[in-house]
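**Q** A predicted structure for the sequence below; I have some questions about it.
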Amino acid sequence: MSREFDLREALNAISDVVVNRPRPLREFDQIYMKVADMVIQAHYIAERFNNKNIVFIGDGDAIGLSVMHLGSQGIFNSCPNSITLLDFDERIVNSVIRFAEKYGFSDKMSAHLYNVVDPLPDGMFGKFDAFYTNPPWGASNGGESVFVFLERGIEATENESEGAIVIADDPSLPWTQEVIGASQRRAADMGFLVAEMVPQLHLYHLDDAPDLRSCTCLFRRHDTNMAPGSSERLSTERLNNFYGRNNPLTIHYVRELSDLNYGKATDDSYELVKLE
Ligand SMILES: C[S@@+](CC[C@H](N)C(=O)[O-])C[C@H]1O[C@@H](n2cnc3c(N)ncnc32)[C@H](O)[C@@H]1O
């Protein structure tokens, strides 16, 4: 993988993206990737998925937006053909739509409100040639939340497709290794090979585990006979401990209540005290 891009230009462009991200909701495992790792990850995805039509299953980190922003500005030499984001948080969906319009790439990037509990939206089954997901990492559900996001990504892709999942990777934490192994087996059961794994790469704004890193596992479909035949609603028993211990998936959507005034403090977050 080449690293030939202007670091200053890249960081300034990622800074546009970071200012646009809504505040993360920890209870739904929105834990954002750190900025230097966003540049590396966006570049990796731009290169690996050059000219592809990618579906993102959730993307609070805004890696999709970063890839398209830096790709369309010519900071990266490679760029996907299109990115479609599905996320259950309307603040994230709207922030992506607004940003893509502002920077003139809304023909290449769209975002839609969608919860992984539901079948894929109409017209999205088998439509894309790559998927990307950074799901809830499955520490308390044996990887179930990872499998759900992975399966939706696989359902959304056509025969000659690839996919990337970003999940916890720390060899000193057995649960992370078990979830990686189980996710790779689940992908294999659905006809995908591990094409590449970049271990222990990214860090997050995660107060209770600031050193916990994630890896990227890249998959490639090799057996179309194992592809799912349809996309179905999830059974309730798969939703237990989805966002951590005793935190099942019970919320359908996070709705945006007001204009969040991205990049500026909201009026109710400060008070002006006048000069005497
Ligand atoms: C779960 S977080 C994982 C951590 C990741 N670093 C992040 O903050 O984006 C990934 C994305 O999945 C979205 N998400 C969480 N639960 C979801 C659900 N049930 N259906 C669809 N998207 C969901 C979140 O809004 C977020 O954008």
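**A** Here it is on my side, so go on. Numbering: from 1, shown residues only.
**Q** Not counting its neighbours along the chain, what's nearest residue 75?
**A** Leaving aside its chain neighbours, residue 75 sits nearest to residue 9 (5.0 Å; criterion: Cβ to Cβ, 6 or more residues apart in numbering). Any C-beta I mention is one placed from the backbone N, CA and C, and that applies to glycine too.
**Q** so that neighbour sits in a strand?
**A** No: going by DSSP: H, G, I helix; E, B strand; the rest coil, the assignment for residue 9 is helix, not a strand.
**Q** I figured it hits residue 69, correct?
**A** No: if you go by Cβ atoms under 8 Å, residue 9 and residue 69 don't touch, sitting 11.1 Å apart.
**Q** Please identify which of the two sits among more neighbours.
**A** Neighbours per residue (other Cβ atoms under 10 Å) separate residue 9 from residue 69, with residue 69 holding more: 25 against 14.
**Q** For residue 155, list the residues it contacts.
**A** With contacts defined as Cβ atoms under 8 Å, 6 or more residues apart in numbering, residue 155 is in contact with 120, 125-126, 228, 230-231.
**Q** next one: residue 201
**A** Shown in contact with residue 201 (Cβ under 8 Å, 6+ apart): 37, 40-41, 169, 213-216.
**Q** before we move on, what about residue 59?
**A** Listed by Cβ under 8 Å, 6+ apart, the contact set of residue 59 reads 65, 85, 87, 92, 96, 132, 134.
**Q** In terms of helices and strands, where is the fourth one?
**A** Element membership for residue 92, per DSSP states H and E: helix 90-102.
**Q** Check which element follows that helix along the chain.
**A** Counting by DSSP H and E, what follows helix 90-102 is strand 109-113.
**Q** What lies in contact with that next one?
**A** 64-65, 68, 82-88, 90, 92-94, 96-97, 100, 121, 253.
**Q** check those residues against the ligand, which are close?
**A** 87-88, 92 (Cβ under 6 Å from any ligand atom).
**Q** The residue nearest the centre of the chain in helix, strand or coil?
**A** Note on the chain: the residue nearest the mean C-alpha position is residue 59, at 3.2 Å, using Cα atoms, centre = their mean. With three-state DSSP as the basis, residue 59 sits in coil.
**Q** The helix or strand hosting residue 71 - what's its average pLDDT?
**A** Using DSSP H and E, residue 71 maps to helix 63-72. Throughout helix 63-72, pLDDT has a mean value of 98.
**Q** do stretch 120-131 as well
**A** Across stretch 120-131, pLDDT averages out at 98.
**Q** Show me which positions of it end up buried.
**A** 120, 124-126, 128-131 (16 or more other Cβ atoms under 10 Å).
**Q** gap between it and the chain center?
**A** Computed by Cα atoms, centre = their mean, to the nearest Å, the separation of stretch 120-131 from the middle of its chain amounts to 16 Å.
**Q** what comes into contact with it?
**A** Stretch 120-131 has contacts (Cβ under 8 Å, 6+ apart) with 49, 52-57, 80, 84, 86, 112, 114, 152-158, 160-164, 227, 230-231.
**Q** Those residues in helices, which ones?
**A** Among the contacts of stretch 120-131, the members found in helices (DSSP state H) are 152-155.
**Q** Can you give me every residue that contacts residue 96?
**A** Neighbours of residue 96 in contact, by Cβ under 8 Å, 6+ apart: 59, 62, 64-65, 85, 109, 111.
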